[in-house]
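Asks: Make a model of this:
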Amino acid sequence: MVDDNPNGRVQLDATALAMLRVRRFTRFRIRPAVYRDSCPTTITAWTVGGEPVPFAAAVTQTYRPFAPGQPWGRPWDTTWFDVRGEVPEDWAASGAELVVDLGFTGDQPGFQAEAMVYRPDGEIIKAIEPYNSWVALPDPGPFRLLIEAAANPIVQVPYEYEPTAMGDRATAGDEPLYRLTDLSVAARDQEVWELLQDVTALDGLVDVLPEQGARRAEIVHALERMVDVMDPEDVAGTAARGREVLAPVLAGRAADSSLIVSAVGHAHIDCAWLWPTRETVRKVARTFANVLDLGERHPEFVFAASSAQQYAWLKDTQPRLFERVRRAVADGVIRPVGGMWVESDTNMPGGEALVRQFVLGKRFFAEEFGVDSEEVWLPDSFGYTAAMPQIARAAGARYFLTQKPSWNEINPMPHSSFHWEGIDGSRVFTHFPPAETYNSDLGAADLARTERTFRQKGKARHVLGLYGWGDGGGGPTREMLAAAERKRDLDGSPRVRMDDPGSFFRTAEAELPAPPVWVGEMYLELHRGTLISQARSKRGNRRSEALLREAELWAATAAVRRGARYPYDELRRIWETVLLLQFHDILPGTSIAWVHQEAEAEYERVANELTTMITTALDALRGDAAARADTAGTLVAANAGPYARRGVPAMGLGPATEAPAAVPRHQNDRIVLDDGTLHVEIDRRGTLVSVRDLHADRELLPSGVAGGVLQLFRDTPREWDAWDINDEDKRSGSDLVEPASIDIVDDAVVVRHERGQTVITTSVRLSEGRIDYAFDIDWHESQKLLKLAFPLDIRTDRATSEIQFGHLHRPVHQNTSWDAARFETVAHRWIHVGEPGYGVAIANDVVYGHDIRGGQAPDGRPMTTARLSLLRAPRYPDPNADQGRHTFSVSVRPGGIPDAVADGYALQLPPRTAPGTAVEPLLEVSDRAVVVESVKLAEDRSGDLVVRLYEAHGNRSRATVRTAFSWSEAVATDLLERAVDSAAVRAAAPGTEVALELRPFELLTLRFRDPVV
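Replies: Numbering: from 1, shown residues only. Here you go, the predicted structure:
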């Protein structure tokens, strides 16, 4: 298309020259002629000067004169514009519109100023966004509208991940960000607008069709002829001629083999990211207002929206708009999808939390709309746990949608439509929209990419296309619908048809009767730093999950045993908060400072409320105040864990005993700890130099290699600061082996490191055959990554990591590009490194990022190094991320996977000690491989007891659940507590016990009807 010229000019071929002419004519003649007449409006304005206010409050304020050209909008503030004008009588045959330009940049909608338009009675009309900046006006005559304009700052500058002050109200400043550019009445020329859509559709094909192809030449010729027949001085008067010239090429039909794109309107709205949740509440309302407006104008339009939380916000803040949404759902225009409370992260939330995403999400959709979604809808989360297929199926879902794996840095996923198999063998039919975006405009580039990247070509033709502005919301536009109409059957393009997600999935599944299978996690080869960033939010999440388990367990126990009130409403409200904070830009630590400040405050509030709830339930179980006073000298421990601990039964109360700890002593230049199970030596560097298993007569550390070493690495990712870590930065690291002090304090060896303002205090104890690390870190680094390394004298080709409701194995070698790409992986409470007959379990209280690799010790013998990623210090989007105090607990012991499981729960659920008497647990399980994850009362408030269990060791396990209460019936249920048939329930002895047989990692929910002690 281009040739180099020795004179320095680029020589273009005839096609390129023709398209230069066409595009200039389009830009400078056709586009400006869409609005042929305009007249001014009278504007007054009121600035809120703080947090948003509802319409009823805004409409009563004093407004002052305002004019285009004036600045407005301090960062995160709101300005209300009262707009009055008149549609001229001679515009009766035209489409009169209010044209609004708040000072938009050319950037994507959702990342800058946006607005909502109201009638004087408070009825919402639609939103104003870049590329959707119009409001249809009534018949000729006067009108009045009110516009709520949000001065959201532009936090994201593409590919420049520089620190910004705009993400924190305290540092964002007071200078206005925007200047009102236009607020006028204009007459839209429908014929010119249609011509612009014709040209846009054909122009896009020129860029994607084969350069030497006849179809491309035909289109270029038609576009040239269109310019020829039109008068540049009278575009409106000659637009019809231009359209006549283009009509034959637009009538060319797509090939019979063309893909069929099911086009579904969409607006991925991040519950928080580069804006706080309070702004998301308004983004949701704006997006739904746009959708309702489009739905009224285009009967075939279908819009899919996930996240029950966002509908709930709409119900609470814009009830009139919510009722319109409810009607649109009933009419099939809006399709609630996903069945989750939010589009959560799936790497870090615990198993029960992922369950509750579906329980709360599906219950909301059923109660408010009478619908049940069959698909899981997670287009933007940062990788997908191998536990998801089972959880999805147990929630009643059959399908799974995402496009995020298309972001993989190295290895493209091999399938577009396939079965995804989880750790237990459950499968869901999965689809990756091959446009590789959830923000398509249905343009030629997206559709060409769809055809190019669809992996099942030849075997299948149906694909999904999600179109509409997303991330910051906005949704589809009328231009996108025009593109869909023109590409319904257009030569050179896949066929586009309006569809709904359910119809698409049923069709796609039917045309692939034997789809390929992907087994295990869908690891995202990008954004690995999300396992580490904003550690306080991650601690809040892990702590909240533990407290919720405790609160539900003890409240249910008190309800069954003592008839105490069960706090249904309080628990539901807290679950809603915790599930919101697991959104895929909050828990991963990739939002602005404002978001994480609020998250930390919310986690603290949740902890306080749950602690009060737990105390109330335990007080009820321990007896009345008088009884507790009588037993004031008797301490009992409440053990919420699934395993007995030091004589206290699992999920019961028993006499409290302290765990014995080894007493450190100096021996030559080392400090020694020995509890009869392990012999541990710590050198003057504060590192482990010997860990000997006395029972196995085996050294855990490789010869000449120190363990328990803190390592500091450079952390300067290529892009996406808070999201990414790069493997090459591991080449620029150092061990922290020059402590400021090493002391013995009671039963602990205390090692203190100082580095500038950063202080790291490590306390090392030995108890019950386990080395316990407690870290207290005052962190003041910038773009650094802190890891804790344990080299182990173990030869293995794989390591094991806990995930939700089980675990998975990953290679520790780098044989393939897939192996090499997994240089940072997720684990929950524990990892295990073992060889046949021997292994080491490493547990933690709040660490998610790990890297485990094989290697060689200095003596040439094989070893495996397990590292836990503790802290980062990225500078974007929060320039002060992770600064300040953090605590971590880590334990190391020789043992197998059962030991790892037990240690993980022990660190997460320490016993609570108080005066009282022992209380028998409501139930016990005969096999340690079958773990109780949740005990609660049923969601329908019937008083039935619900128990969720899973097989944790990866074996086929039999167990008996014995209850300390009687019951009328025990049934297996799905996650929504509806009875289902289950082969896992072998037998149920009325009122006493249930015999189970679970497959490896099988998840089972039991419902005990009418529990009575």
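Asks: The stretch 601-750 of the chain: strands as residue ranges?
Replies: 635-639, 652-655, 665-667, 670-674, 678-682, 688-693, 698-699, 709-714, 733-735, 741-745, 748-755 (DSSP state E, counting those that start in this stretch).
Asks: For these, give me JSON lines that also has mean neighbour count and mean pLDDT.
Replies: Quick note: C-beta positions are derived from backbone N, CA and C, even for glycine. JSON lines is the format used below for the strands of the stretch 601-750 of the chain (neighbours: other C-beta atoms under 10 Å; pLDDT from 0 to 100):
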{"stretch": "strand 635-639", "mean neighbour count": "22", "mean pLDDT": "96"}
{"stretch": "strand 652-655", "mean neighbour count": "21", "mean pLDDT": "96"}
{"stretch": "strand 665-667", "mean neighbour count": "10", "mean pLDDT": "96"}
{"stretch": "strand 670-674", "mean neighbour count": "19", "mean pLDDT": "98"}
{"stretch": "strand 678-682", "mean neighbour count": "22", "mean pLDDT": "98"}
{"stretch": "strand 688-693", "mean neighbour count": "20", "mean pLDDT": "98"}
{"stretch": "strand 698-699", "mean neighbour count": "12", "mean pLDDT": "98"}
{"stretch": "strand 709-714", "mean neighbour count": "19", "mean pLDDT": "98"}
{"stretch": "strand 733-735", "mean neighbour count": "13", "mean pLDDT": "96"}
{"stretch": "strand 741-745", "mean neighbour count": "13", "mean pLDDT": "97"}
{"stretch": "strand 748-755", "mean neighbour count": "19", "mean pLDDT": "98"}
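Asks: residue contacts, residue 634?
Replies: By C-beta atoms under 8 Å, 6 or more residues apart in numbering, the residues touching residue 634 are 655, 915, 916, 917.
Asks: which regions of the protein sit below the pLDDT cut-off?
Replies: Across the chain, residues meeting the criterion (pLDDT under 70) sit at 1-11, 158-159, 624-633.
Asks: Check it and tell me which residue is nearest its centre.
Replies: Among the residues of the chain, residue 584 comes closest to the average C-alpha position under C-alpha atoms, centre = their mean, at 2.0 Å.
Asks: contacting residues around that residue?
Replies: So residue 584 contacts 270, 343, 344, 345, 378, 380, 381, 382 (C-beta under 8 Å, 6+ apart).
Asks: Just among the residues you listed, which is most surrounded?
Replies: residue 345 (29 neighbours; other C-beta atoms under 10 Å).
Asks: My guess is it contacts residue 382. True?
Replies: Yes. Residue 345 is in contact with residue 382 according to C-beta atoms under 8 Å; the separation is 6.6 Å.
Asks: which one's the longest helix in this structure?
Replies: Longest helix in the chain, counting residues (DSSP state H): helix 593-622.
Asks: now for it, which elements pack on it?
Replies: helix 535-562, helix 568-580, strand 635-639, strand 652-655, strand 912-915 (3 or more C-beta pairs under 8 Å, 6 or more residues apart in numbering; DSSP states H and E).
Asks: 6 Å - rerun?
Replies: helix 535-562, helix 568-580 (3 or more C-beta pairs under 6 Å, 6 or more residues apart in numbering; DSSP states H and E).
Asks: With residue 504 as the reference, name the closest of these.
Replies: Residue 504 lies closest to helix 568-580 among these, at 27.2 Å (C-beta to C-beta).
Asks: TSV please, covering the helices and strands packed on helix 593-622 and showing distance to residue 318.
Replies: As requested, those are exported to TSV (distance: least, C-beta to C-beta, whole Å):
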stretch	distance to residue 318
helix 535-562	29
helix 568-580	18
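Asks: still on that earlier bit, and the strands of the stretch 601-750 of the chain as JSON lines, adding distance to residue 926?
Replies: Converted to JSON lines, the strands of the stretch 601-750 of the chain look like this (distance: least, C-beta to C-beta, whole Å):
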{"stretch": "strand 635-639", "distance to residue 926": "18"}
{"stretch": "strand 652-655", "distance to residue 926": "15"}
{"stretch": "strand 665-667", "distance to residue 926": "42"}
{"stretch": "strand 670-674", "distance to residue 926": "35"}
{"stretch": "strand 678-682", "distance to residue 926": "30"}
{"stretch": "strand 688-693", "distance to residue 926": "29"}
{"stretch": "strand 698-699", "distance to residue 926": "32"}
{"stretch": "strand 709-714", "distance to residue 926": "42"}
{"stretch": "strand 733-735", "distance to residue 926": "47"}
{"stretch": "strand 741-745", "distance to residue 926": "42"}
{"stretch": "strand 748-755", "distance to residue 926": "37"}
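Asks: quick one on the thing from earlier: how about the helices and strands packed on helix 593-622, which one is nearest residue 707?
Replies: That would be helix 535-562 among the helices and strands packed on helix 593-622, by C-beta to C-beta, at 22.8 Å.
Asks: in the closest one, what's buried?
Replies: 535-561 (16 or more other C-beta atoms under 10 Å).
Asks: could you give the angle of that helix to helix 593-622?
Replies: Helix 535-562 and helix 593-622 are oriented at 20 degrees to each other (axes from the mean of the first three to the mean of the last three C-alpha atoms, to 10 degrees).
Asks: Packing partners of helix 535-562?
Replies: Counting by 3+ C-beta pairs under 6 Å, 6+ apart, helix 535-562 packs on helix 593-622, strand 930-937.
Asks: Could you identify which of those is most buried?
Replies: Stretch with highest mean neighbour count among the helices and strands packed on helix 535-562: strand 930-937 (a mean of 22; mean count of other C-beta atoms under 10 Å).
Asks: Just checking: what are the partner strands of the following helix or strand past that one?
Replies: For strand 930-937, the succeeding helix or strand toward the C-terminus, using DSSP states H and E, is strand 945-951. Applying DSSP bridges, strand 945-951 is found paired with strand 930-937 (antiparallel), strand 1003-1009 (antiparallel).
Asks: mind exporting strand 945-951 as CSV, just the C-alpha atoms?
Replies: Taking Å, rounded to 0.1, in the frame of the first residue of the first chain, the C-alpha atoms of strand 945-951 are listed here in CSV:
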residue,chain,number,x,y,z
LEU,A,945,-29.4,-26.3,59.8
VAL,A,946,-27.2,-26.2,56.7
VAL,A,947,-23.8,-27.8,56.8
ARG,A,948,-21.3,-27.5,53.9
LEU,A,949,-18.5,-30.1,53.6
TYR,A,950,-15.8,-31.0,51.1
GLU,A,951,-13.2,-33.7,50.6
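Asks: Please identify which of the helices and strands packed on helix 535-562 is closest to residue 284.
Replies: Going by C-beta to C-beta, the one of these nearest residue 284 is helix 593-622, 16.0 Å.
Asks: now the angle from that closest one to strand 635-639?
Replies: 130 degrees.
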